[in-house]
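Q: Task: produce atomic coordinates for the following.
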Amino acid sequence: MSKGLVYKSTGSFYKVKIGNTFEECVLAGKYRLEGKRTTNPVAVGDWVELNTEKLPPVIETISPRKNYIIRKSVNLSKEAHILASNIDLVLIVASVAKPRTSTGFINRILVTAEAYGIPAAVVFNKADLQNAKETAATAELAEEFDFLGYTSFITDALSHQGVDALRTFLEDKTLLVIGHSGVGKSSLLNALDPMLNVKTGGISKKHNKGMHTTTFAEMHDTSFGARIIDTPGVKEFGLVDIQPADVSGYFPEIRELRKKCRFHNCLHLEEPGCAVKEALETGEIAAFRFQDYLNILETIFPK
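A: Model prediction:
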């Protein structure tokens, strides 16, 4: 048996790095037949044990994961899809314009990262395409996320604005890169390390949205020691296994204030003596963050 790291998963074969070489492997039948709550029993980032005496090599065992990022799958026959495992960082790539990334999308990913105990950072890319109003909005959002503890960057992959600082931040980390199609993930990765040569796409003129260039999640080694897991563009990010009472705990600014609420089970809606609502009124909590909190509650606990 040999130990390897999964670099790519297509559902039918797995690209696994064993030592310094890559092998295309298949999954043992016992995993395919088991009733799983996820669409993919093996995820990029998994450490696996392989039987290399068979051709192609067979993944026999999946090592326990230290963490993973999961979202609701678009495939209704299964509950969820694991995007990546064993990561040090979730890197959300967003853009304020062309196409616009909503704060709700960003905050849903941040909530999931908080739920699974994974640090997260936000990159606002395509700074070159912004007008003055959009530039000011980007700076304001980056400042707010920095204040909350999520390191933020403003970048332009074409001119390399902010790229050097981002590269230094990512050194020696294993990270998941996630964002809508068209926000410039691939161009940004190529700016970070030109040797990656990740395929880039464009924006649909009809819908002003990005077109997919990445089909499957895939990990890339870099010249600066990072392992970067690139993912297909995500339209929506559905939350998995998060209860209404737990949501406020995944918003750092609300988590601190909720201890002062009159009721220990306060959802910060219409309850009297709510410290969170008081902080919202005084501007201590950003209005967009609280609104995204309410939107998340509504999706998992509709009235």
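Q: show me what contacts residue 159?
A: The contact partners of residue 159, taken as Cβ atoms under 8 Å, 6 or more residues apart in numbering, are residue 128. Where C-beta positions appear, they are placed from N, C-alpha and C, glycine not excepted.
Q: quick check, it in a strand?
A: No: assigned with DSSP: H, G, I helix; E, B strand; the rest coil, residue 159 falls outside any strand and is coil.
Q: any idea which element residue 177 lies in?
A: Using DSSP states H and E, residue 177 falls within strand 174-178.
Q: got a list of contacts for the following helix or strand past that strand?
A: Where DSSP H and E defines the elements, the next helix or strand beyond strand 174-178 is helix 185-192. Residues outside helix 185-192 that contact it (Cβ under 8 Å, 6+ apart): 93, 123, 125, 155, 157-158, 160, 163, 166-167, 170, 177, 179, 196-201, 213-214, 220, 222, 224, 228, 230, 233.
Q: rerun at 7 Å
A: 93, 123, 125, 155, 157, 160, 163, 166-167, 177, 179, 196-200, 213-214, 222, 228, 230 (Cβ atoms under 7 Å, 6 or more residues apart in numbering).
Q: re the thing from before, parallel or antiparallel, which strands does the strand holding residue 177 pair with?
A: strand 89-94 (parallel), strand 227-230 (parallel) (DSSP bridges).
Q: from those strands, which stretch is densest packed?
A: Among those, strand 89-94 has the highest mean neighbour count (mean count of other Cβ atoms under 10 Å), at a mean of 25.
Q: Tell me the buried residues in stretch 118-136?
A: 118-127, 130, 134 (16 or more other Cβ atoms under 10 Å).
Q: Ignore what I typed, I meant stretch 150-161.
A: 150-158, 161.
Q: returning to that earlier point: alpha carbons only: can I get the strand holding residue 177 in CSV?
A: Taking Å, rounded to 0.1, in the frame of the first residue of the first chain, the C-alpha atoms of strand 174-178 are listed here in CSV:
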residue,chain,number,x,y,z
THR,A,174,-3.0,24.7,1.5
LEU,A,175,-6.0,26.7,0.4
LEU,A,176,-9.3,26.5,-1.4
VAL,A,177,-10.1,29.3,-3.9
ILE,A,178,-13.8,29.9,-4.4
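Q: that older thread, mind checking which of the buried residues of stretch 150-161 land in helices?
A: The helices, defined by DSSP state H, take in nothing from those.
Q: quick one: which of those residues is nearest to residue 273?
A: residue 150 (29.5 Å; Cβ to Cβ).
Q: in the stretch 101-250 of the chain, which spans are strands?
A: Secondary structure of the stretch 101-250 of the chain (DSSP state E, counting those that start in this stretch): strands located at 120-124, 151-154, 174-178, 218-221, 227-230.
Q: Residue 273: which of the ones you listed is closest?
A: Across the strands of the stretch 101-250 of the chain, residue 273 has its closest neighbour in strand 120-124 (31.6 Å, Cβ to Cβ).
Q: Give the other helices and strands that that closest one contacts.
A: Packed against strand 120-124 by the contact rule (3 or more Cβ pairs under 7 Å, 6 or more residues apart in numbering; DSSP states H and E) you find strand 89-94, helix 103-115, helix 132-147, strand 151-154.
Q: how many other residues sit next to residue 139?
A: Other residues within reach of residue 139 by the criterion other Cβ atoms under 10 Å amount to 15.
Q: how close does the residue nearest to it when sequence neighbours are not counted sit to residue 285?
A: Leaving aside its sequence neighbours, residue 139 sits nearest to residue 154 (Cβ to Cβ, 6 or more residues apart in numbering; 7.1 Å). Using Cβ to Cβ, to the nearest Å, residue 154 is found at 23 Å from residue 285.
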